[in-house]
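Engineer: need coordinates for the below:
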Amino acid sequence: MKISALKAVVVGLGSIGVRHLNNLHALGIRELGAVRTRNLPPPAQIIPKDVQLFQSLDQALKQNFDLVVVANPTSLHLKTLIEALKAGCHVYVEKPVAHEKRHLSELMRCVDPHGPRVLVGCQLRMHPGLRKIEEWIQQGRLGKIYSVQVDLGEYLPDWHPWEDYRQSYAARADQGGGVILTLIHELDYLHWLFGKPRSVFAIGGHRTSLEVTAEDTALISFETEQGICVQLRMDYWRKPPVRHMNIVAEKAIVDWDYPARLTTLQQNGHLLEEVILAPSWDRNELFLSMMKEFIEGIPGGSIPRVTLQEGIDVLNTALAAKQSLQTGRQVRL
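Structural biologist: Numbers count the residues shown, from 1 in each chain. Predicted coordinates:
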């Protein structure tokens, strides 16, 4: 099936849903739908023309779409994913897969290894700097990796200045919000590059003056199955945003600085290699390239770049971190 022949529906018309609609249109898909359950006027000025609007997923699924993009609040991801798979649709589900472990067993019963494909939308795996780090690791240029430190901070009220941040899913515990699940990209690429944790310990919670009902600060520590020590700090408070990773290894030191668009490999203070993204580089390229790769691989049954099982593994780490944060105890995985 050619991309242009694909029929796709996006569930949720927040900022990420609008992004996916426009990207699908840019990739050549013309039969597009959107599910918008809130009683708000459709954002006609920012989505492609002729998008068919539905008030429920059931209504949309009757139109035999090939692809469902799950872009609604985190607490609704799992239910939407299950319904889409039962309807025989391929699914691009925004991270995280769910906000709790309940009903994951029902999800796995819907999965057919020879059936519809599921991609978890952790688009940072497409980042040129992180892909270069993966290459350096595979080439043995780092040697044994000793420790990894990641720092992530963004100011939540600045995400969507046009809406009340207190009502956003990212701020609300009842919608699966909080920094750990909302900013789960970091845990995903840590899994991808360094392996799954053996156990997790976290401290933090609601520490700032932000009016949120979920954690806005988390410091997470774990050791991977490969024996790599990892520390991750994340918060909803910092301006300007920070997204940085430092790797200390036997043969080299690696730095990845997302805002600076710079990735470096150094040895004994000498620069060995670097990746510099052009000022014109736009983060939407990550979303576009991931979606394009996914839908081009569907006819041949290609394994998605971030599989459903990987998404569940990362979710389990995130939920263990939330449990540790609440109990003050280490959680084994």
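Engineer: for the chain, what are the low-confidence residue spans?
Structural biologist: 1, 38-45 (pLDDT under 70).
Engineer: ok, longest helix in the chain?
Structural biologist: helix 308-327 (DSSP state H).
Engineer: counting by contacts, list what it packs against.
Structural biologist: strand 118-121, helix 179-182, helix 185-194, strand 197-205, strand 217-224, strand 331-332 (3 or more CB pairs under 8 Å, 6 or more residues apart in numbering; DSSP states H and E). For the C-beta atoms, the positions are set from N, CA and C on the backbone; glycine is no exception.
Engineer: what sits up against the fourth one?
Structural biologist: In this case it means strand 197-205. 180, 215-225, 230, 317, 320-322, 324-325, 328-333 (CB atoms under 8 Å, 6 or more residues apart in numbering).
Engineer: quick check: Gln231 touching Ile220?
Structural biologist: Yes. Taking contacts as CB atoms under 8 Å, Gln231 lies within contact range of Ile220: 7.3 Å.
Engineer: which of the two has more residues huddled nearby?
Structural biologist: A direct count of neighbours by other CB atoms under 10 Å for Gln231 and Ile220 places Ile220 higher, at 28 against 14.
Engineer: okay, buried residues for stretch 235-243 please.
Structural biologist: For stretch 235-243, the neighbour count (16 or more other CB atoms under 10 Å) marks 235-237, 242-243 as buried.
Engineer: can you dump the C-alpha atoms of it in CSV for me?
Structural biologist: This file holds the C-alpha atoms of stretch 235-243, laid out as CSV (Å, rounded to 0.1, in the frame of the first residue of the first chain):
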residue,chain,number,x,y,z
ASP,A,235,11.3,19.0,36.6
TYR,A,236,8.6,21.4,35.3
TRP,A,237,10.3,24.5,36.6
ARG,A,238,13.3,25.6,34.6
LYS,A,239,13.7,28.5,32.2
PRO,A,240,15.3,28.3,29.7
PRO,A,241,14.7,24.5,29.1
VAL,A,242,17.5,22.1,29.8
ARG,A,243,17.9,18.7,28.1
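Engineer: just send the helices and strands packed on helix 308-327 back as CSV, with distance to Gln138 too.
Structural biologist: Converted to CSV, these look like this (distance: least, CB to CB, whole Å):
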stretch, distance to Gln138
strand 118-121, 22
helix 179-182, 29
helix 185-194, 10
strand 197-205, 21
strand 217-224, 16
strand 331-332, 29
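Engineer: so Asn22 makes contact with Lys49?
Structural biologist: No. Counting by CB under 8 Å, Asn22 sits too far from Lys49 to count as a contact (11.5 Å).
Engineer: between these two, which one's more packed in?
Structural biologist: Asn22 (19 against 7).
Engineer: now do the phi/psi pair for the more buried one.
Structural biologist: phi -70, psi -40 (degrees, to the nearest 10).
Engineer: just Gly143 next, same as before
Structural biologist: In terms of degrees, to the nearest 10, the main-chain angles of Gly143 are phi 70, psi -150.
Engineer: from His270, how far out is it?
Structural biologist: 16 Å (CB to CB, to the nearest Å).
Engineer: before we move on, what about Arg30?
Structural biologist: 52 Å.
Engineer: which one's more surrounded, those two?
Structural biologist: Taking other CB under 10 Å, Arg30 and His270 do not tie; Arg30 has more neighbours (14 against 8).
Engineer: give the contact list for the more buried one.
Structural biologist: Taking CB under 8 Å, 6+ apart as the test, what Arg30 contacts is 4, 50.
Engineer: for it, give me phi and psi.
Structural biologist: phi -110, psi -20.
Engineer: circling back to that earlier point, filter the contacts of strand 197-205 down to the buried ones, ChimeraX style.
Structural biologist: The ChimeraX selection below is limited to those of these classed as buried (16+ other CB under 10 Å):
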select :180,215,216,217,218,220,221,222,223,224,230,317,320,321,322,324,325,331
